[in-house]
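**Student:** Fold the following.
(one chain, ligands or ions: 1)
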Amino acid sequence: MKELLCTAFFEKFAEIPALVIQAPGRINIIGEHTDYNEGFVLPAAIDKAVYFAISKNGTDKLNLFAIDVNETLQIPLNNITKQANYTWANYILGIVAQLNKNRLAVGFNLAFTSNIPIGAGLSSSAAVTCGAAFALNHLYNLNYSKVDLVVMAQKAEHMYAGVLCGVMDQFACLMGKENQVIQLDCRSLDFKYVPFDIDGYKILLLNTNVKHNLADSQYNLRRQECERAVQLVQKKYVNVNSLRDVTAEQLEECVLNEDTIAYTRALFVVNEIERLQKGCIDLQNGDIIALGKKMFATHKGLSHAYAVSCAELDFLVDKVSNNENVIGARMMGGGFGGCTINLVKETAIEALVADIAPKYNAKFGLALTHYVATIKDGVKII
Ligand code: GLA
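**Tutor:** Numbering: from 1, shown residues only. Coordinates of the predicted model:
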């Protein structure tokens, strides 16, 4: 990958890049739609990544080259704006826009390529924002901490891509550690690494290869529904700031009769925050069977109460739910398409995919692709 990237950079800009970095995608074991409710998540960086090559160019312009779509864009440093026709560029420009202009007194040439499947729910967009932030921080000696970069990358997504995402994807991409999952408190950003030992089992991602286009609008709507629930609880319990502070009893008391949609959504989140905490104890006790059961429960909640699944995801989870070689499965990420995450006995993976793929294709007319994900370090120079 590095060689390919450096060749493309050289052909485009007639120089060798000063810096080459890799920014991974992420998985999440459990704790979905909890990050923007100040709950916990359990993500990890994986072995699929976006690769960047970058150099300062001595001019007052940025030259951005998206190798995979063969598009180049030149933007003056003093006129960083959102691009309607080059959506990929917005993830980089959203970072540049936040950096003090005096600090970037001179422009840069940047080329990037990715092997993270787009729309698969593996956070390719966070990999681009985090990779760009990390690369610029290093190239210009800006001295931001990694956690500063997490916040900056999240803001870029809010402002330049219009998705009001939480902090999970960026945190996993920047802070990931080989063979460890990150138990992250999304309120304080306190975290700890937990070894992910699932002897004889692997993390299998089954890609629906669909991304229904309501994903972004429904995501933002779920945030509003959760906020409505919080506001109703706050009328009586003034110290409550987010669903993290709320109990199922409080929801029943303050929300149920006022706003059934908000109640149903919020109850899922409150349960999911608790489920994750219990799942972490399972993991520490080496009880992956119990953790897997919770993953199935999460899927049920995401599908029915939170209503962010789709027929394709439900089909894939249903097809493995009675398979003795699969200890846990659920949709992963924002929803409405992308991948399911499955904990599967290593020796059973091939047969499982061979069995489900034709059935999936017959039902939806879509190919089923699969990846065995391994847990790797977060963003780094290569
Ligand atoms: C997307 C968002 C994350 C998180 C998940 C759902 O991946 O980017 O912040 O909210 O959805 O858990």
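**Student:** All the helices of the stretch 151-300 of the chain, residue numbers only.
**Tutor:** Ranges of helices within the stretch 151-300 of the chain are 168-175, 215-236, 248-254, 260-284, 288-300, based on DSSP state H, counting those that start in this stretch.
**Student:** Need the winner for burial among these.
**Tutor:** helix 168-175 (a mean of 29; mean count of other C-beta atoms under 10 Å). To be clear about C-beta, it is placed using only N, CA and C from the backbone, and glycine gets the same treatment.
**Student:** and it with the ligand, contact?
**Tutor:** Yes - contact of helix 168-175 with the ligand (C-beta under 6 Å from any ligand atom) involves 168-169.
**Student:** before we move on, what about stretch 274-291?
**Tutor:** No - against the ligand, stretch 274-291 shows no contacts by C-beta under 6 Å from any ligand atom, the least distance being 10.8 Å.
**Student:** starting at the chain centroid, how far to that stretch?
**Tutor:** In terms of C-alpha atoms, centre = their mean, to the nearest Å, the centre of stretch 274-291 is set 21 Å apart from its chain centre.
**Student:** likewise stretch 237-250?
**Tutor:** Stretch 237-250 has its C-alpha centroid displaced from the chain centroid by 26 Å (C-alpha atoms, centre = their mean).
**Student:** In PDB, list the C-alpha atoms belonging to that stretch.
**Tutor:** Taking C-alpha atoms only, stretch 237-250 is exported to PDB below (Å, rounded to 0.1, in the frame of the first residue of the first chain):
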ATOM      1  CA  TYR A 237     -34.800  16.000  37.900                       C
ATOM      2  CA  VAL A 238     -32.800  19.100  37.300                       C
ATOM      3  CA  ASN A 239     -29.400  17.600  37.700                       C
ATOM      4  CA  VAL A 240     -29.800  15.300  34.700                       C
ATOM      5  CA  ASN A 241     -27.600  16.200  31.800                       C
ATOM      6  CA  SER A 242     -27.800  13.300  29.400                       C
ATOM      7  CA  LEU A 243     -29.300   9.800  29.200                       C
ATOM      8  CA  ARG A 244     -26.100   8.700  31.000                       C
ATOM      9  CA  ASP A 245     -27.700  10.100  34.200                       C
ATOM     10  CA  VAL A 246     -31.200   8.700  33.600                       C
ATOM     11  CA  THR A 247     -32.800   5.500  34.900                       C
ATOM     12  CA  ALA A 248     -35.500   3.400  33.300                       C
ATOM     13  CA  GLU A 249     -37.800   4.400  36.200                       C
ATOM     14  CA  GLN A 250     -37.300   8.100  35.500                       C
END
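**Student:** And that stretch, what's buried?
**Tutor:** 240, 242-246, 250 (16 or more other C-beta atoms under 10 Å).
**Student:** Contacts for that stretch, please.
**Tutor:** Stretch 237-250 is contacted from outside by 37-39, 187, 226, 229-230, 233-234, 236, 254, 266-267, 269-271, 273, using C-beta atoms under 8 Å, 6 or more residues apart in numbering.
**Student:** With pLDDT added, can I get the buried residues of stretch 237-250 in a markdown table?
**Tutor:** Listed next are these as a markdown table, based on pLDDT from 0 to 100:
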| residue | pLDDT |
| --- | --- |
| V240 | 97 |
| S242 | 98 |
| L243 | 98 |
| R244 | 97 |
| D245 | 96 |
| V246 | 98 |
| Q250 | 98 |
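**Student:** tell me which of those is nearest to I75?
**Tutor:** S242 (37.1 Å; C-beta to C-beta).
**Student:** For the closest residue to the ligand within the stretch 201-350 of the chain, which non-adjacent residue is spatially closest?
**Tutor:** The ligand sits closest to G334 of the stretch 201-350 of the chain, with a gap of 3.5 Å, by C-beta to the nearest ligand atom. Of all residues not flanking G334 in the chain, Y219 sits nearest, at 5.1 Å (C-beta to C-beta, 6 or more residues apart in numbering).
**Student:** So that neighbour sits against L164, correct?
**Tutor:** Yes - using C-beta atoms under 8 Å, Y219 is in contact with L164, at 7.2 Å.
**Student:** Kindly report the residues of the protein close to the ligand.
**Tutor:** Checking the chain against the ligand by C-beta under 6 Å from any ligand atom, the hits are 32-33, 35-36, 123, 165-166, 168-169, 333-334.
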